[in-house]
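Colleague: What follows is a protein structure lacking sequence information:
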């Protein structure tokens, strides 16, 4: 039987539902992810726009023993602490953004039962990043180091598409900037060509929704706080 044509309203509701249900998941079930699903996700994610269609993204996908070896190498590098620190934010972080950052930390460590003053417990939780939070699939996103911030924006659009395409297939994800500091380790493990740089990593799999960390609610600012509409009636 031919498939029926979806109305624009139905399509809109479906897209909105996927966008609203996406969250950063930090605990996963052991269920494997099919190779064909990963390929489908990457294929549709590659429809992301890019400046003059340059398509600057690169992605390395790992599972099984190679993923375990990568995680072990990253944990060792984190403990040795010999690589230069990675600055995710300016210091000091502007107040408007700092409030959101502090709110996230309170919610995140609170749901894990970790006091923010407990540096050892926070470090143990950070280490879970490098095991991809127990997910069966890990992704490392890289970009040519010669490119500018405009191409990094294109990479971000691709990364977002990966998360949305995964969620549409019932898979959960967590983008992780913590991998960026450890590019030398990642490049060695995955044989990444010279000239590429790690932008972020990502965990992918079926979320364990019984885990408290996955029930953490993160608020979003109302539209009027970040958007200014000009020339509209009403």
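Modeller: Good, I have the coordinates. Predicted model, so just to flag it, every value in this text is computed and none were measured. Numbering: from 1, shown residues only.
Colleague: pull the longest helix from the protein.
Modeller: Longest helix of the chain, by residue count under DSSP state H: helix 149-168.
Colleague: tell me the mean pLDDT for the helix or strand following that one?
Modeller: Later in the chain than helix 149-168, the nearest helix or strand by DSSP states H and E is strand 172-176. Average pLDDT, strand 172-176: 98.
Colleague: quick check: angle from strand 172-176 to helix 149-168?
Modeller: Put simply, strand 172-176 runs at 160 degrees to helix 149-168, going by axes from the mean of the first three to the mean of the last three Cα atoms, to 10 degrees.
Colleague: tell me how far strand 172-176 is from the chain's mean position?
Modeller: Offset of strand 172-176 from its chain centre (Cα atoms, centre = their mean, to the nearest Å): 4 Å.
Colleague: Look up which helix or strand residue 203 falls in, please.
Modeller: strand 196-205.
Colleague: The one residue sitting closest to the centre of the chain pairs with what?
Modeller: The centroid of the chain falls nearest to residue 175 when counting by Cα atoms, centre = their mean (1.0 Å). When bridges are taken as DSSP bridges, the partners of residue 175 come out as residue 202.
Colleague: mind listing the helices for the chain?
Modeller: Counting by DSSP H, the helices of the chain are 8-21, 35-45, 64-80, 95-111, 119-127, 149-168, 183-190, 223-226.
Colleague: Turn those into TSV, columns for mean neighbour count.
Modeller: For every residue, glycine as well, the C-beta is placed using N, CA and C. Shown next, in TSV, are those (neighbours: other Cβ atoms under 10 Å):
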stretch	mean neighbour count
helix 8-21	11
helix 35-45	15
helix 64-80	15
helix 95-111	13
helix 119-127	13
helix 149-168	18
helix 183-190	18
helix 223-226	8
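Colleague: what's the closest of these to residue 233?
Modeller: For the helices of the chain, proximity to residue 233 was assessed by Cβ to Cβ; helix 223-226 is nearest, at 16.8 Å.
Colleague: So what touches the closest one?
Modeller: The contact list for helix 223-226, computed with Cβ atoms under 8 Å, 6 or more residues apart in numbering, is empty.
Colleague: What distance do you get for the nearest residue to residue 19 once chain neighbours are set aside to residue 45?
Modeller: Using Cβ to Cβ, 6 or more residues apart in numbering and skipping the chain neighbours, the partner closest in space to residue 19 is residue 164 (6.8 Å). Going from residue 164 to residue 45 by Cβ to Cβ, to the nearest Å gives 8 Å.
Colleague: picking up where we left off before, now for the residue nearest to the centre of the chain: which residues touch it?
Modeller: Shown in contact with residue 175 (Cβ under 8 Å, 6+ apart): 24, 159, 163, 200, 201, 202.
Colleague: From these, pick the one nearest residue 56.
Modeller: residue 159 (11.6 Å).
Colleague: Could you tell me how many residues sit around the closest residue to the closest one other than its chain neighbours?
Modeller: Closest residue to residue 159 apart from its sequence neighbours, by Cβ to Cβ, 6+ apart: residue 141 at 5.8 Å. The tally of other residues near residue 141 (other Cβ atoms under 10 Å) stands at 22.
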